[in-house]
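**Q** sequence below, structure please.
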Amino acid sequence: MAGQPRCELCGARTAPLRCPSCRLTCYCDVSHQRTDWISIHGRICHLLIPVLGRQPCFHSEKDRKHGKEQLLRRQESLIAVALSTAQGFLWAGKPLEAIPAALQALRFSSQVFGSDSVQLVPIFLLLAEASTGTGRLRQAAKYLSQAQWIVLQTPDCSAALQSKLYRGLGLFSIAEGNLDQALYHLANDVYLATAEFGLNSVEVSGGYFHMANIFFHQNKMDTANTLYTEVSSLWHDWLLSSLQGHQRVLQTRAEASPFSEDEEGIEDGMTEARHEEATRVLWAVLKVREQGPLQHPGETARVLHALAMIHYLGLDLAKAQEVGMKAFNLAKQLPQQESLETISHLLELINAQFSHTT
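**A** Below you'll find the model as predicted:
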């Protein structure tokens, strides 16, 4: 005899309420049903039926194989939607709303990849970050332990994934107030990211940024200044390279035949995750440069230039123009004005894009 259904959100109590649409998820009370709907269920309710509902009976090996492949694709689609939804809530500063979506991603990932798969590590880290954001440090520690255990049991685990784990451990240590332990974990994050991506990669910048924040709050301004400078330099150089690649693609298209059928988007390496990280980090560094004891006109101009580039590549032209003009006006006041030409060129691109869209 099947046991009583458990609440989709907390899993801790019997669940008399059932979703009236899919009839597949149950809840202990209305508040949990509403919370799950807002977080993820409203996005995947219709997707659950062909995955969790009664599966068709196949009469041939070929049909069974096709059915399994189709089910796997549907499960992977659910995982992608749940993960992106959870990450979006975290970016928006809504960790509580991120948790149900992340748990859904974890549930299906465990079914598809296995409970010990490295595919689960990013989800555990996301859950740890969301739990930390809601003040649930004990639960966050459990998620981090699960991620750490999988990594330890995977001899060929990539340095990139280990880097993410150490960053998660570092952020958790910051939340606990254990700053020495946080610096240890973040130093490992930087080391592993460097090993995987190279010394001058933007993947290294996250560890530097969080270390800079720690030193800043410890009033170790020289060290904090050095690290903030490294962070803005890495992003500035990467964005400049991305902008140049973007322009090369536009130039190639302008020179191509008007009858060309190439309608693919411009690839500049600017994923949603990278755009969000760069925007969040650079605005935080700008705040330090403009309002704190680490004011430095040259570095402030570089951060403003980087922000203008990222807003331009993200097609937020009004913001790109506003920030770009601030960078230009500040750069004009510097004794050495090497950056003035590149900032001026960016403003020309922004104005040209404005003209094209109006």
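
**Q** report the secondary structure state of the residue nearest to the spatial centre of the chain.
**A** The residue lying closest to the centre of the chain (CA atoms, centre = their mean) is residue 273, at 3.8 Å. Classification of residue 273 by DSSP: H, G, I helix; E, B strand; the rest coil places it in helix.

**Q** so for the spatially closest residue to it that is not a sequence neighbour, what's the pLDDT?
**A** Leaving aside its chain neighbours, residue 273 sits nearest to residue 87 (7.1 Å; criterion: CB to CB, 6 or more residues apart in numbering). C-beta here means a position set from N, CA and C on the backbone, and glycine is covered the same way. You'll see residue 87 listed with a pLDDT of 92.

**Q** quick one, what contacts residue 87?
**A** Contacts for residue 87 (CB atoms under 8 Å, 6 or more residues apart in numbering) come out as 98, 126, 273.

**Q** which other helices and strands contact the host helix or strand of the first one?
**A** Per DSSP states H and E, residue 98 falls inside helix 95-113. In this structure, helix 95-113 packs against helix 30-36, helix 61-91, helix 121-133, with contacts taken as 3 or more CB pairs under 8 Å, 6 or more residues apart in numbering; DSSP states H and E.

**Q** which residues does the closest residue to residue 19 other than its chain neighbours contact?
**A** Excluding the flanking residues, the one nearest residue 19 by CB to CB, 6+ apart is residue 25, at 4.7 Å. Neighbouring residues of residue 25 by CB under 8 Å, 6+ apart: 8, 18, 19, 36, 41, 48.

**Q** show me these that map onto strands.
**A** Judged by DSSP state E, the contacts of residue 25 include residue 18 as members of strands.

**Q** one step back: so which of the helices and strands packed on helix 95-113 gets nearest residue 340?
**A** helix 61-91 (33.3 Å; CB to CB).

**Q** tell me the angle that closest one makes with helix 121-133.
**A** 30 degrees (axes from the mean of the first three to the mean of the last three CA atoms, to 10 degrees).

**Q** what's the average pLDDT for the lengthiest helix in the chain?
**A** If you go by DSSP state H, the chain has its longest helix at helix 221-255. Taken as a whole, helix 221-255 has an average pLDDT of 90.

**Q** elements contacting that helix?
**A** Using 3+ CB pairs under 8 Å, 6+ apart: helix 221-255 touches helix 205-217, helix 272-291, helix 297-313, helix 340-357.

**Q** go again using 6 Å as the cut-off
**A** Judged by 3 or more CB pairs under 6 Å, 6 or more residues apart in numbering; DSSP states H and E, helix 221-255 is in contact with helix 205-217, helix 272-291, helix 297-313.

**Q** ranking these by burial, who's on top?
**A** helix 297-313 (a mean of 24; mean count of other CB atoms under 10 Å).

**Q** could you report the pLDDT at the nearest residue to residue 325 once chain neighbours are set aside?
**A** Among residues not flanking residue 325 along the chain, residue 347 sits closest, at 7.0 Å (CB to CB, 6+ apart). With respect to pLDDT, residue 347 scores 93.

**Q** go on, residue 140?
**A** 97.

**Q** next: the one 4 residues further on.
**A** Per-residue confidence at residue 144 stands at 98 (pLDDT).

**Q** figure out how far the strand or helix carrying it is from the centre of its chain.
**A** Using DSSP H and E, residue 144 maps to helix 137-152. Computed by CA atoms, centre = their mean, to the nearest Å, the chain-centroid distance of helix 137-152 equals 19 Å.

**Q** try stretch 93-106
**A** So, by CA atoms, centre = their mean, the centroid of stretch 93-106 is 14 Å from its chain's centroid.

**Q** in that stretch, what counts as buried?
**A** Of all the residues in stretch 93-106, those buried under the rule 16 or more other CB atoms under 10 Å are 94-106.

**Q** ok, which pair from these is furthest apart?
**A** 94 and 106, at 18.3 Å, using CB to CB across those.

**Q** sorry, back to before: relative to residue 112, how far out is the residue nearest to the centre of the chain?
**A** 21 Å (CB to CB, to the nearest Å).

**Q** same thing with residue 165?
**A** From residue 165 to residue 112 the distance is 21 Å (CB to CB).

**Q** between those two, who's got more neighbours?
**A** Counted by other CB atoms under 10 Å, residue 165 and residue 112 do not tie: residue 165 has more neighbours, with 25 against 15.

**Q** before we move on, back to that, need the pLDDT of the residue nearest to residue 19.
**A** 89.

**Q** again, but for the one 3 residues further on
**A** Here, the pLDDT recorded for residue 28 equals 91.

**Q** surely it is in contact with residue 11?
**A** No. Applying CB atoms under 6 Å as the test, residue 28 and residue 11 come out as separate, 9.1 Å apart.
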